[in-house]
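Student: Mind looking at a prediction? Sequence and model below.
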Amino acid sequence: FAAVDVIRAKRDGERLSAEQIEWVVDAYTRGVVAEEQMAALAMAIFLNGMDSAETARWTGAMIDSGERLSLHVARPTVDKHSTGGVGDKITLPLAPLVAACGAAVPQLSGRGLGHTGGTLDKLESIPGWRAELSAEEIGRQLAEVGAVVCAATPTLAPADRKLYALRDVTSTVESVPLIASSIMSKKIAEGSGALVLDVKVGSGAFMKTIRQARSLARALVDIGAAHGVATTALLTDMSTPLGSAVGNAVEVVEAVEVLKGGGPADVVELTLALAREMLTLAGLSHVDPAEVLASGEAYETWCRMIHAQGGDPDAELPKPAHVHVVEAPESGVLARLDAYAVGVAAWRLGAGRARKEDPVQLAAGVRCLAKPGDRVERGQPLLELHTDTPEAVPAALDALSGSYDLTQRHNPGAAEGTVLD
Ligand code: URA
């Protein structure tokens with residue numbers, strides 16, 4: 001094969017053959033196909049798409065670029081992936097909960113991307129906790145604790161790592177076949193037997209409309225089916241932040257509240273909805289996750305999971321040097337609180353990164369003291385901005401300008417459940 005022929009075929013709207021796909025992904029990973037050639041091919045895919053057979057093969061080629069973990073555990077394995085949101089700490093209560101229900105949860109997670117938070121950044125606010133584990137450590141912890149939340153090993157889908165960085169700088173990220181194959185190559189290589197996808201939709205998500213989210217969910221589920229991994233997807237709301245806490249340590253605090261039987265209703269509801277999907281795929285639909293959560297077993301599993309990765313589950317978490325309170329300018333009902341704006345504010349306060357290699361502030365973030373549907377009085381605190389760098393507050397306030405509406409009438413629809421589909 002020659003790279004130019006593969007690029008030309010896709011440029012002219014042709015389907016790529018299995019052989020062309022396998023060759024080009026492998027040759028790119030080995031450096032035989034140049035970055036500029038893959039950039040041109042990514043743009044041709046962005047513009048002309050790939051059908052579901054091409055996307056499944058592209059995913060297979062990315063999996064084959066590295067190693068596939070083989071998890072030898074007696075329990076059924078099942079994982080969850082969220083397409084990313086604001087305040088989305090669901091992995092934190094969910095992984096130990098599903099493990100406490102009898103499944104094994106190998107959850108390889110990521111770091112924050114833009115305005116969306118990253119599970120590893122949140123967990124690193126726990127003193128001593130370690131994200132990087134070897135394949136052996138992952139296997140051992142899965143067998144002993146039942147849940148592992150850690151970073152992907154470097155040998156997992158290296159083609160995706162290279163291609164993702166290239167897409168980021170060539171404006172080719174927002175393509176359904178490229179996003180779907182990127183997500184699924186890592187999840188399938190991780191070796192889980194089943195997968196539940198939480199496809200976010202709304203201002204704080206990658207996919208802003210239900211139509212786009214449905215199309216991504218369909219592409220993800222089709223790839224899972226083509227590779228023999230039982231996969232289902234929920235479309236869930238990301239128009240307003242999940243729960244009250246957005247950031248790193250603040251989200252861990254909220255997740256622990258859920259594990260101890262409290263926490264915000266929307267976080268509990270989504271955790272249980274995803275747990276039920278995961279347990280069904282794992283053949284454990286007879287177990288009621290709400291009962292296991294109430295029993296305290298999920299919290300015990302959380303403590304063992306954190307401890308196994310060097311963390312102290314009882315340690316005090318970092319506190320911000322500065323807290324700025326935003327008060328309600330008038331009395332009324334909070335009709336809207338925009339997820340994207342709150343995500344950007346938390347990012348600017350230091351919870352996220354400006355550049356890939358930057359550190360995050362563990363104590364930075366936003367606490368939303370009222371949720372859509374709540375009545376608030378003039379002067380009542382609406383939002384708390386947490387940061388170690390108070391000079392970041394004006395930029396966060398700027399991001400929050402126009403991000404909420406206070407109305408005089410109660411609007412019950414605004415507060416309804418998170419599961420859209
Ligand atoms: N997450 C991924 O892993 N890949 C994408 O392309 C987009 C989101």
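Tutor: Noted; the coordinates are in hand.

Student: What residue, apart from its backbone neighbours, is nearest the residue of the chain at minimum distance from the ligand spatially?
Tutor: The nearest approach of the chain to the ligand comes at residue 182, 3.4 Å away (C-beta to the nearest ligand atom). The C-beta positions use only the backbone N, C-alpha and C, and glycine is treated the same way. Of all residues not flanking residue 182 in the chain, residue 160 sits nearest, at 5.2 Å (C-beta to C-beta, 6 or more residues apart in numbering).

Student: Same check on residue 258?
Tutor: Nearest non-adjacent residue to residue 258 (C-beta to C-beta, 6+ apart): residue 93, at 4.4 Å.

Student: check contacts around residue 74.
Tutor: Applying C-beta atoms under 8 Å, 6 or more residues apart in numbering to residue 74 gives the contacts residue 143.

Student: Let me see the confidence value for it.
Tutor: You'll see residue 74 listed with a pLDDT of 93.

Student: How about the secondary structure of it?
Tutor: Of the three states, residue 74 takes coil under DSSP: H, G, I helix; E, B strand; the rest coil.

Student: Could you pull out the helices in the stretch 51-200 of the chain for me?
Tutor: For the stretch 51-200 of the chain, the helices defined by DSSP state H, counting those that start in this stretch cover 52-64, 91-100, 119-123, 135-144, 158-168, 176-189.

Student: In CSV, list these along with mean pLDDT.
Tutor: Shown next, in CSV, are the helices of the stretch 51-200 of the chain (pLDDT from 0 to 100):
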stretch, mean pLDDT
helix 52-64, 98
helix 91-100, 98
helix 119-123, 96
helix 135-144, 95
helix 158-168, 91
helix 176-189, 96
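
Student: Which stretch among these is buried most, on average?
Tutor: Most buried of the helices of the stretch 51-200 of the chain by mean neighbour count (mean count of other C-beta atoms under 10 Å) is helix 91-100; its value is a mean of 28.

Student: Low-confidence ranges, the chain, go.
Tutor: 409-421 (pLDDT under 70).

Student: what residues does it put near the ligand?
Tutor: The chain comes close to the ligand at residues 164, 173, 178-179, 182-183, as judged by C-beta under 6 Å from any ligand atom.

Student: quick check, nearest of those residues to residue 3?
Tutor: For the residues of the chain next to the ligand, the minimum distance to residue 3 (C-beta to C-beta) is 17.5 Å, reached by residue 178.

Student: one step back: residue contacts, the residue nearest to residue 258?
Tutor: For residue 93, the contact set (C-beta under 8 Å, 6+ apart) comprises 255, 258-259, 263, 267, 271, 293, 298, 302.

Student: Those: which two are farthest apart?
Tutor: Across those, no pair lies farther apart than 267 and 302, at 14.3 Å, counting by C-beta to C-beta.

Student: how many neighbours does the residue nearest to residue 309 when sequence neighbours are not counted have?
Tutor: Among residues not flanking residue 309 along the chain, residue 130 sits closest, at 5.0 Å (C-beta to C-beta, 6+ apart). Residue 130 has 15 neighbours, counted by other C-beta atoms under 10 Å.

Student: Residue 296 too?
Tutor: 13.

Student: what secondary structure does residue 334 sit in?
Tutor: Using three-state DSSP, the structure places residue 334 in strand.

Student: Which strands or helices does the helix or strand containing residue 22 pack on?
Tutor: Using DSSP states H and E, residue 22 falls within helix 18-29. Here helix 18-29 touches helix 3-11, helix 35-48, helix 52-64, helix 158-168, going by 3 or more C-beta pairs under 8 Å, 6 or more residues apart in numbering; DSSP states H and E.

Student: Would you mind pulling the contact partners of that helix?
Tutor: Counting by C-beta under 8 Å, 6+ apart, 1, 3, 5-6, 9, 16, 33, 37-38, 41, 54, 57-58, 60-62, 64-65, 158-159, 162-163 sit against helix 18-29.

Student: what's the distance between the closest residue to residue 82 other than its chain neighbours and residue 67?
Tutor: Leaving aside its chain neighbours, residue 82 sits nearest to residue 198 (4.1 Å; criterion: C-beta to C-beta, 6+ apart). Here residue 198 is placed at a distance of 26 Å from residue 67 (C-beta to C-beta, to the nearest Å).
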